[in-house]
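*Asks:* starting from these lines, generate the structure:
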Amino acid sequence: MDADATPTPPTVTRSGWHCRRIVIVFGVIIIGLVILGFWQPWRNPRLPDGKDSTPIEGAAQWTFDDPRLTFPTPYRNVRPEVKYVGDAACAGCHVSHSDKYRQHPMGRSLATVANATPLERYDVLAHNPFKAGIYNYRIEHEKDRVRHLETVNDRTGRAVAETTAEVNYVVGSGRNGRAYLIDRDGYLFASPITWYPLKGIWDLSPGYEKNNPHFGRAINPSCLFCHANHADHISGTANRYRTPNVHAEAIGCERCHGPGELHVQRRAGGMPVTGLDETIVNPSKLEHSLREAVCQQCHLQGHQRVLRRGCDTFDYRPGLPLHLFMSDFVGPPKETDEAKFVGSVEQMYASGCFQKGKGAGKLGCISCHDPHSVPLPEQKVAFYRDRCMNCHKDRGCSLPLAVRPENNCVACHMPPTGSDLRHTTITDHRVLRQPGPRKPHPLAPKAPPDERPAPKETTLVNFHAYLIPTPGSEDDRDLAIALMREADRRKPTGTGRGLVEGALSQLDAAIQRADNDVGALEARGNALWDLGRRDEAAADYDRVLKLAPDREGTLYRAADLAQRRGQLDTARLYAERAIQVNPWRWEYHLTLAKVYAQGNDWASAAKECREVHKLYATNPESRHLLVVSLLRQKDKSEAKREFDILMELNPPKPEELRRWFELQMR
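*Replies:* Residues are numbered from 1 along each chain as shown. As a prediction, this is how the structure comes out:
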């Protein structure tokens, strides 16, 4: 054959073509099935707890558009499949930044007890031990192990009730305070004891002087989000994490720059970069709101943060809008100052420096702060004065140099203020010309649009409202959930009912749109219970647990509600399931003890009370129930011993309680 000749196509007979056509048709069908195996638009939406569940009958469908796939950005490392590589992979090339960052507070936000830089003292002058009310606290330190103890003593000084826990993690850089976490088989809890380095003493953790959860405060993913680089949370649980519980421990490079897999591959392969390196996010090159979002992950401390439906805590990637992953709600604008200062981000946004800024030079966190290092104490005044002069070089301070304190801008315009943290202060980020009343929050909407009915008592606004030009139904849902959380927080003050009533209509609407929305269903169940509509609340909890059978918080609420309604078999089943999900929550054991007591199973009630005391030895309610259980079992000597312990716990109405016990012992 001539090499340049065009080949003649083979002759295809009618029967041969028919066979090929059959093969082609079957091939197309097979390929289609394979594709549909990966892309199934009818699949159930991903629930907030990360599970796919069969919708209950009549459920509306809802589709989650993952911002990591849909938001327009040149950066390729925002995608969910791009892997994190760890700080060590960054340190090889970025030696200087890495060395400095290890000394930054963010680089020391969390560590194991064994790896933490030793700052604490354990002597009597450091308040070890110390007393808070009827409770005595002690810290025991031996090599790389630390134990925290809480006891109640009788009049002779003998400990009659004691809770002990070994602490495993140190939280905080140690500049203002150090908290401690307890790891119980993968379940993380907070210790009630904190080290305050500014005064060099031990004391109760912040807020514990008003409401002390002792060793029972569960550390949920939102707690770890701002202290740990990453945590592998087990869906449905409050505070259980896969081993290792905390990956890479402290906040690392990739929390601000995004996953580094693509960047490391490019640099390791020697591939040249011209222009923007789209394999890694450089926050300084982001537009203002996206740059601020990187810092706001942790430094925006509003009243309530609600994960957007379909998102998990650690889904956010630098370079993307934070409000697409979580809704942050702050208090409404106020004209006067308050004893409690809001977070530094909110203060900065209310400052004149921020509100008057425009364009690329608009004030932001990194206008003043170096995210890789902090200035040495002797350099701080000059460092921050230089930041001020970047904007004020044409018009500096109006006071003569001789009367300025150390020529220190911060001393006059950003003085220390009050703080929610005991024994600490924070810097006022309002940057006022003269300290005075706080300016109203510039981002809060003046009033909701007419077409969106406002809750009856809305005390929260979305911090990122200015980035949401047309708020939608999902924004209403998030606000309603936030209002319910705020109402729960206010229960002790009796001021939350208006929030509950305001949230209910928005929750009804959210569930009408998608009645497999477990977050909205659970929140509505809570609202209905608060309003006394217990049957409807129980129905909502049941619906949640059909969709997410191991949802720990709902199991506990359903058990508690069923016990109060006298449905003992249902209450027992739910309480037992809650304990299976998390055996370390004393509240679940106490609820089960109440169920047994209500059914006159006093031996089982006593057993569950003793389970409570392994976790919370000084709990007056379980001690009282144990006394009752022992009396019903005719064990008066043991009941007397337990009653004596109870009386040392400062129970309510002690004289009335003592008279009751004397009658029982006759």
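*Asks:* list the buried residues for the helix or strand encompassing residue 294?
*Replies:* For residue 294, the host element (DSSP states H and E) is helix 288-299. Residues 289, 290, 291, 292, 293, 294, 295, 296, 297, 299 are the ones in helix 288-299 that count as buried (16 or more other CB atoms under 10 Å). Backbone N, C-alpha and C define where each C-beta goes, glycine included.
*Asks:* please apply the same query to stretch 474-491.
*Replies:* Judged by neighbour count using 16+ other CB under 10 Å, the buried positions of stretch 474-491 are 474-487, 490.
*Asks:* please enumerate the helices of the stretch 1-150 of the chain.
*Replies:* Listed in chain order, the helices of the stretch 1-150 of the chain (DSSP state H, counting those that start in this stretch) span 14-38, 67-70, 87-91, 95-101.
*Asks:* could the buried residues of helix 288-299 go into a markdown table alongside pLDDT and distance to residue 555?
*Replies:* A markdown table is the format used below for these (pLDDT from 0 to 100; distance: CB to CB, whole Å):
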| residue | pLDDT | distance to residue 555 |
| --- | --- | --- |
| 289 | 95 | 39 |
| 290 | 97 | 39 |
| 291 | 96 | 41 |
| 292 | 96 | 39 |
| 293 | 97 | 35 |
| 294 | 97 | 36 |
| 295 | 96 | 37 |
| 296 | 96 | 33 |
| 297 | 95 | 30 |
| 299 | 92 | 34 |
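*Asks:* nearest to residue 568, of these?
*Replies:* residue 297 (45.3 Å; CB to CB).
*Asks:* residues touching that closest one, list them.
*Replies:* Shown in contact with residue 297 (CB atoms under 8 Å, 6 or more residues apart in numbering): 225, 226, 255, 316, 322.
*Asks:* can you give me the neighbour number for the nearest residue to residue 79 once chain neighbours are set aside?
*Replies:* The shortest distance from residue 79 to any non-neighbouring residue, by CB to CB, 6 or more residues apart in numbering, is to residue 68 (5.5 Å). Using other CB atoms under 10 Å, the number of residues around residue 68 comes to 21.
*Asks:* who's in contact with the residue lying closest to residue 464 once chain neighbours are set aside?
*Replies:* Computed as CB to CB, 6+ apart, the closest residue to residue 464 that is not its neighbour in sequence is residue 323, at 3.9 Å. Residues in contact with residue 323 (CB under 8 Å, 6+ apart) are 293, 462, 464, 467, 468.
*Asks:* is residue 323 part of a helix or strand, or is it coil?
*Replies:* Under DSSP: H, G, I helix; E, B strand; the rest coil, residue 323 falls in the helix class.
*Asks:* buried stuff in stretch 353-369?
*Replies:* So stretch 353-369, judged by 16+ other CB under 10 Å, has buried residues 353, 354, 357, 362, 363, 364, 365, 367, 368, 369.
*Asks:* which stretches in the stretch 401-550 of the chain count as strands?
*Replies:* Taking DSSP state E, counting those that start in this stretch, the strands of the stretch 401-550 of the chain run over residues 416-417, 426-427, 461-462.
*Asks:* can you check the stretch 1-150 of the chain too?
*Replies:* Counting by DSSP E, counting those that start in this stretch, the strands of the stretch 1-150 of the chain are 110-112, 130-132, 135-142, 145-153.
*Asks:* what strands flank the second one, and is each parallel or antiparallel?
*Replies:* Strands flanking strand 130-132 in the sheet, each with its direction: strand 135-142 (antiparallel) (DSSP bridges).
*Asks:* which residues lie in contact with the most centrally placed residue in the chain in this structure?
*Replies:* The structure's the chain has its C-alpha centroid closest to residue 222; by CA atoms, centre = their mean the separation is 1.4 Å. By CB under 8 Å, 6+ apart, the contact list for residue 222 reads 305, 313.
*Asks:* and it, how far from residue 399?
*Replies:* 44 Å (CB to CB, to the nearest Å).
*Asks:* which residues of the stretch 101-250 of the chain score low on pLDDT?
*Replies:* By pLDDT under 70, the low-scoring segments of the stretch 101-250 of the chain are 245-246, 248.
*Asks:* need the distance between the two termini of stretch 126-143.
*Replies:* From its first residue to its last, stretch 126-143 covers 18 Å (CA to CA, to the nearest Å).
*Asks:* what distance separates that stretch from the middle of the whole chain?
*Replies:* Distance of stretch 126-143 from the chain centroid (CA atoms, centre = their mean, to the nearest Å) equals 28 Å.
*Asks:* which residues in the stretch 201-350 of the chain form helices?
*Replies:* Applying DSSP H, counting those that start in this stretch to the stretch 201-350 of the chain gives helices spanning 221-225, 254-257, 261-268, 288-299, 344-349.
*Asks:* what's the end-to-end length of stretch 90-106?
*Replies:* 16 Å.
*Asks:* in that stretch, which residues are buried?
*Replies:* Residues of stretch 90-106 classed as buried by neighbour count (16+ other CB under 10 Å): 90, 94, 97, 98, 101, 104, 106.
*Asks:* got CSV for the contacts of residue 323, with distance to residue 111 too?
*Replies:* Below are the contacts of residue 323 laid out as CSV (distance: CB to CB, whole Å):
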residue, distance to residue 111
293, 27
462, 35
464, 32
467, 35
468, 38
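*Asks:* between the residues you listed, which is closest to residue 635?
*Replies:* Checking those one by one against residue 635 (CB to CB), the nearest turns out to be residue 462, at 57.2 Å.
*Asks:* burial of residue 242, as a residue count?
*Replies:* Neighbours around residue 242, by other CB under 10 Å: 11.
*Asks:* that one is in contact with residue 232, isn't it?
*Replies:* Yes - between residue 242 and residue 232 there is a contact under CB atoms under 8 Å: 4.1 Å.
*Asks:* ok, residue 350 to residue 431 distance?
*Replies:* Residue 350 is 9 Å from residue 431, by CB to CB.
*Asks:* hmm, I typed the wrong one, I wanted residue 239.
*Replies:* For residue 239 relative to residue 431 (CB to CB), the value is 38 Å.
*Asks:* out of these two, which sits in the busier spot?
*Replies:* Applying other CB under 10 Å to residue 239 and residue 431 shows that residue 239 carries more neighbours, namely 26 against 20.
*Asks:* still on that earlier bit, want to throw the strands of the stretch 1-150 of the chain into TSV with mean neighbour count?
*Replies:* Output for these, formatted as TSV (neighbours: other CB atoms under 10 Å):
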stretch	mean neighbour count
strand 110-112	19
strand 130-132	14
strand 135-142	17
strand 145-153	18
